[in-house]
Every structure is written in C-alpha cells, then in structure tokens.
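Undergrad: here's my sequence, what's the structure:
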Amino acid sequence: MKFGIIFANIGPAVQPDYAARLGQLAEENGIESVWTVEHVVVPAGYESQYPYSPTGRMPGPEESPIPDPLIWLTYMAAVTTNLKLGTGVLILPQRNPVVLAKELATLDVLSKGRTILGIGVGWLEEEFNAIGIPFSERAARTDETVAALRELWTADEPTFNGQFTSFEKAKMYPKPPQGQIPIVVGGHTKAAARRAGRLGDGFFPASTTPESLAELLEVMHKSAADAGRNGDAIEISAGGAMDVDGIKKFADLGVSRIVIPPLGFDEETLKAQLGQFNDNVISKLS
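TA: Okay, the predicted model is just below:
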C-alpha cells in the first residue's frame, strides 16, 4: 500500500518554508505522494454546489489562498527527492491542452519523472464563467484534452483534430521522462468512474466507504471492458480510512494508494503526527 497527502498546498503550505518541511517530513515518514487542489478564482457568493459537503460550500472562507498547483509542485520537486507530485485534481477543461502539455512535461523533467496528473471536470460554474470556458462543455473538453495531451507527449510530430483543439505536426519538446504522464481521473460519481474506465491510468474517488467504492469500481470495470481496456490495470487511490483494519478493507477492493489529509498545521504537530502514522500504520502495510 502507498500513502499520499491530499490538500497538500493549502493552509500554511501556501508559504515556501512550511511547504518545504511538509515535503521533507512526508518523505522521511514513508509518504509516497502529495496531491494538490486548485481553483483559479472563487467568485464571491457562488451558488454552485460543492459536491463534497452537505452544506454545498467549500471548507474555509472564499479568501483562502489556493496556489497554482503546477508552480507549487515545481517548488516541491526542488525540495524533495522521491516524493511523487500529484494534482488532486487539476480542473482539466479550464486549461489550454497545448500549453498544459508543455507545463506538465517541464515539471516531469525537473522532477525526474515524478509527475502524476489527477484530473476533474470541475463543479464551480462561476469560475468557468470568469475564465471564459462554457460550463456545459466541460465533460467533452476533458475527454478531448486527455487525448491531445497524450498525442503531444508521445508523437514526434503531434497532430490532432478535435472539436476544441487542433494542431498539425506541432513538435513539443522536452518530452516527459516517463513517456506518458499517468492520468488519474478524480471524482466520486458514476460518470467519473466511467471516464476512468475509458481513459484513465488511475481512478481517484477521494473520500469514500468500501461499500460505495465497490459500486464505483464495478462501473469503472464495465466501462473499461466496453472500451477494450483492462480494468485491473487502472490504479485505484482512495481515502476514508486511517487505521490498519480500515485500510485493509480498501486493499481487498484493489486500492493501492490511500490518501490522508495533512496531519498538522504547524511543523511540530505535523512531525509528531506523521511519525505516529508511520509507526502505527505505514510501517505495517507498506
């Protein structure tokens, strides 16, 4: 079992010194990866419903700083050695695929192949309006962007003709050291599970229960089979347990990575809590 920290780039980790210590302490205590969240803007008084809270509101005030995930992860690459660098998630339809392909390839070069692209379709319609991307197109743009990214990363003379993006013999270098950066589909809905089955190298439904995850994985596997893909090859990440017995229940479903929230918001607490989690959980399951 691998372990990651989600919501890694918020709170005190917005600041460089604490971000560096977070990454270093994570490596020292058996954490495999960190995962960022993103919002370019949070329009005041938004009415869209945040899907991960019964209140329909994101945790914290609208003014909470959320750094750009790719710049934050580039900094994290410089202060760590082995830590995998994941977006959890990048709101894919808000990004220009050609520019994003270069940004991610650059991060992969600078991190020596540690990048993981976690993607989501987004939920905050007011943010899409501010960026100038039609909210109704987000699912179609997401699927198309995945295909465009893979073409740009792997082809010598990338050529693509889509509804939203087209290019011909658009040479893009450097290429990612990994060849293709793993694309992990985030989301707790059946639509996300189907997308993971069709397109994903991984599936990341975030916090869930073994029962609800089992249902989503059934949908994912069917979608993979319908697309002629091997669903067992799709890596599963999940949250929802922080004890050995609970994590074993997820492992029985095929989960290979458990994500946990930051265990402290000051260095002393973080160091102590990560050490305890390493001793009590990671060392027993890794």
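Undergrad: can you pull the contacts of Gln284?
TA: Let me fix one detail, which is that residue 284 is Lys and not Gln. Lys284 makes contact with Val244, according to Cβ atoms under 8 Å, 6 or more residues apart in numbering. C-beta coordinates here come from the backbone N, C-alpha and C atoms, glycine included.
Undergrad: run the chain-centre distance for the helix or strand hosting it.
TA: If you go by DSSP states H and E, Lys284 is part of helix 283-285. The chain centroid and the centroid of helix 283-285 are separated by 24 Å, computed with Cα atoms, centre = their mean, to the nearest Å.
Undergrad: likewise stretch 265-276?
TA: From the chain centre to the centre of stretch 265-276 is a distance of 23 Å (Cα atoms, centre = their mean).
Undergrad: and that stretch, what's its mean pLDDT?
TA: Mean pLDDT, computed over stretch 265-276, is 97.
Undergrad: wait, Ser223 sits on Ala193?
TA: Yes. Checked against Cβ atoms under 8 Å, the pair Ser223 and Ala193 is within contact range at 6.8 Å.
Undergrad: so for the two, which residue has more residues nearby?
TA: Between Ser223 and Ala193, Ala193 has the larger neighbour count (other Cβ atoms under 10 Å), namely 26 against 22.
Undergrad: all strands of the stretch 101-250 of the chain, in order?
TA: Secondary structure of the stretch 101-250 of the chain (DSSP state E, counting those that start in this stretch): strands at 115-120, 160-161, 166-167, 183-186, 202-204, 235-238.
Undergrad: let's have those in a markdown table, adding mean pLDDT.
TA: Formatted as a markdown table, the strands of the stretch 101-250 of the chain follow (pLDDT from 0 to 100):
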| stretch | mean pLDDT |
| --- | --- |
| strand 115-120 | 98 |
| strand 160-161 | 98 |
| strand 166-167 | 98 |
| strand 183-186 | 98 |
| strand 202-204 | 98 |
| strand 235-238 | 98 |
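Undergrad: between the ones you listed, which one is nearest to Asp108?
TA: strand 115-120 (4.3 Å; Cβ to Cβ).
Undergrad: which strands or helices does the closest one pack on?
TA: Other helices and strands packing on strand 115-120, by 3 or more Cβ pairs under 8 Å, 6 or more residues apart in numbering; DSSP states H and E, are strand 84-87, strand 90-91, helix 97-110, helix 138-154, strand 183-186, strand 202-204.
Undergrad: tell me the strands beside it, with direction?
TA: Partners of strand 115-120 in the sheet, by DSSP bridges, are strand 84-87 (parallel), strand 90-91 (parallel), strand 183-186 (parallel).
Undergrad: including distance to Glu125 and mean neighbour count, could the ones you listed go into a markdown table?
TA: Listed next are the strands paired with strand 115-120 as a markdown table, based on distance: least, Cβ to Cβ, whole Å; neighbours: other Cβ atoms under 10 Å:
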| stretch | distance to Glu125 | mean neighbour count |
| --- | --- | --- |
| strand 84-87 | 21 | 26 |
| strand 90-91 | 12 | 24 |
| strand 183-186 | 18 | 26 |
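Undergrad: these: which one's closest to Gly228?
TA: Closest approach to Gly228 among those is made by strand 183-186 (17.4 Å; Cβ to Cβ).
Undergrad: hang on, the earlier thing: same list (the strands of the stretch 101-250 of the chain) but as CSV, adding distance to Phe265.
TA: CSV is the format used below for these (distance: least, Cβ to Cβ, whole Å):
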stretch, distance to Phe265
strand 115-120, 23
strand 160-161, 43
strand 166-167, 44
strand 183-186, 24
strand 202-204, 24
strand 235-238, 23
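Undergrad: take the strands paired with strand 115-120 and lay them out in JSON lines including distance to Gln49.
TA: Formatted as JSON lines, the strands paired with strand 115-120 follow (distance: least, Cβ to Cβ, whole Å):
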{"stretch": "strand 84-87", "distance to Gln49": "22"}
{"stretch": "strand 90-91", "distance to Gln49": "16"}
{"stretch": "strand 183-186", "distance to Gln49": "17"}
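Undergrad: among the helices and strands packed on strand 115-120, which is nearest Leu274?
TA: Of those, nearest to Leu274 by Cβ to Cβ is strand 84-87, at 16.3 Å.
Undergrad: show residues contacting the closest one.
TA: 4, 32-36, 38, 69-70, 73, 76-77, 107, 111, 114-119, 184.
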